[in-house]
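**Q** just a sequence and a predicted model for now, questions to come.
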Amino acid sequence: MQGKVEVFDLTAPLSTNTPVIRLPPDRGQPWPFKLEKISRYDEKGNEVYWNNIQMSEHTGTHFDAPVHWFSGKDSIDVSSVPCKHLIAPAVVVDMSEQVTDPNFLLERKHVEQWCEIHGTLPEGAWLLFRSGWDSHDLDADSFLNHGYTPGVSESCAKWLAEQTPIIGIGVETVGTDAGQAGKFEQPYPVHWYFHKAAKYGLTQLKNLAKLPATGVVIIVAPLPIVGGSGSPCRVLALIE
Ligand code: MN
């Protein structure tokens with residue numbers, strides 16, 4: 001196997017610059033990432049460098065568990081996700097050429113066109129939706145774009161969640177839903193339908209451009225926060 005598997009890191013670095021979703025001011029807000037020094041070879045600890053960190057379960061590249069949403073409230077929390085779901089095949093639906101408008105929505109027809117070329121969506125796989133939005137990630141304001149970011153249509157989210165054998169969806173944006181999805185008839189349809197179906201979400205992925213459409217395995221490693229709704233995670237892609 002030596003030299004035959006390439007590994008790509010799909011994770012956004014965590015720093016105080018990491019963009020975090022901004023909700024309407026009347027809602028609770030997730031914490032941005034914060035690092036606080038405990039000691040660095042100094043009077044607080046001559047021989048040791050370490051930090052405390054503060055963030056939300058939903059800061060940076062992170063995993064959404066089914067209990068994250070009301071529709072999945074009776075399903076599993078992040079610590080209960082079966083390990084076999086954390087190493088799984090992935091397919092990449094690359095719409096980056098088509099995303100010329102920040103309000104672009106992935107539709108069922110786009111996925112069906114993908115399937116005509118690459119075959120059916122594999123059982124137990126992640127669908128990674130490449131929008132090209134990771135190119136905005138050097139600037140938080142541009143990345144968040146005042147809430148105008150690409151996502152998935154209501155009908156497509158419902159279809160993917162209920163009718164296809166994927167286990168979850170991964171996106172490049174700050175959340176799995178479109179920036180304007182709070183205004184949809186079914187608000188936040190990816191969250192609603194996926195978590196209702198006990199499926200997962202992954203956000204703020206990078207380097208999807210380096211992956212082929214099929215033949216990818218991803219390792220998704222959220223922290224097993226007991227009772228947690230999600231967790232920042234490392235996401236690695238393996239390609240033979
Ligand atoms: Mn989330």
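**A** Thanks, I have the structure now.

**Q** could you measure from the residue of the chain found nearest the ion over to residue 165?
**A** For the chain and the ion, the shortest gap (Cβ to the ion) falls at residue 58, measuring 3.7 Å. For the C-beta atoms, the positions are set from N, CA and C on the backbone; glycine is no exception. To residue 165, residue 58 is 26 Å away according to Cβ to Cβ, to the nearest Å.

**Q** more crowded one of these two?
**A** residue 58 (22 against 11; other Cβ atoms under 10 Å).

**Q** where are the low-confidence patches of the chain?
**A** Along the chain, segments meeting pLDDT under 70 span 1-2.

**Q** for it, just list every one of the helices.
**A** For the chain, the helices defined by DSSP state H occupy 108-118, 140-144, 154-163, 189, 195-196.

**Q** closest one to residue 203 among those?
**A** helix 140-144 (11.4 Å; Cβ to Cβ).

**Q** now the closest one: how far from the chain's centre is it?
**A** Counting by Cα atoms, centre = their mean, to the nearest Å, helix 140-144 is centred 16 Å from the centre of its parent chain.

**Q** alpha carbons of it, as PDB, please.
**A** Taking C-alpha atoms only, helix 140-144 is exported to PDB below (Å, rounded to 0.1, in the frame of the first residue of the first chain):
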ATOM      1  CA  ALA A 140     -14.700  36.100   7.000                       C
ATOM      2  CA  ASP A 141     -17.000  38.800   5.700                       C
ATOM      3  CA  SER A 142     -16.600  37.600   2.100                       C
ATOM      4  CA  PHE A 143     -17.100  34.000   3.300                       C
ATOM      5  CA  LEU A 144     -20.300  34.800   5.200                       C
END
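
**Q** for that helix, buried residues please.
**A** For helix 140-144, burial by neighbour count (16 or more other Cβ atoms under 10 Å) applies to 140, 143-144.

**Q** as TSV, those with distance to residue 100 would be great.
**A** What follows is the buried residues of helix 140-144, written out as TSV (distance: Cβ to Cβ, whole Å):
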residue	distance to residue 100
140	22
143	17
144	19
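
**Q** mind putting those residues into a markdown table with distance to the ion?
**A** Listed next are the buried residues of helix 140-144 as a markdown table, based on distance: Cβ to the ion, whole Å:
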| residue | distance to the ion |
| --- | --- |
| 140 | 17 |
| 143 | 15 |
| 144 | 14 |
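
**Q** which residue ranges of this structure form strands?
**A** 6-9, 34-42, 45-54, 62-64, 87-94, 105-106, 126-130, 151-152, 168-170, 200-202, 216-222, 230-239 (DSSP state E).

**Q** got CSV for those strands, with distance to residue 136 and mean neighbour count too?
**A** Below are these laid out as CSV (distance: least, Cβ to Cβ, whole Å; neighbours: other Cβ atoms under 10 Å):
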stretch, distance to residue 136, mean neighbour count
strand 6-9, 18, 13
strand 34-42, 22, 11
strand 45-54, 25, 10
strand 62-64, 18, 28
strand 87-94, 17, 20
strand 105-106, 18, 24
strand 126-130, 13, 26
strand 151-152, 14, 29
strand 168-170, 17, 26
strand 200-202, 18, 27
strand 216-222, 22, 20
strand 230-239, 19, 20
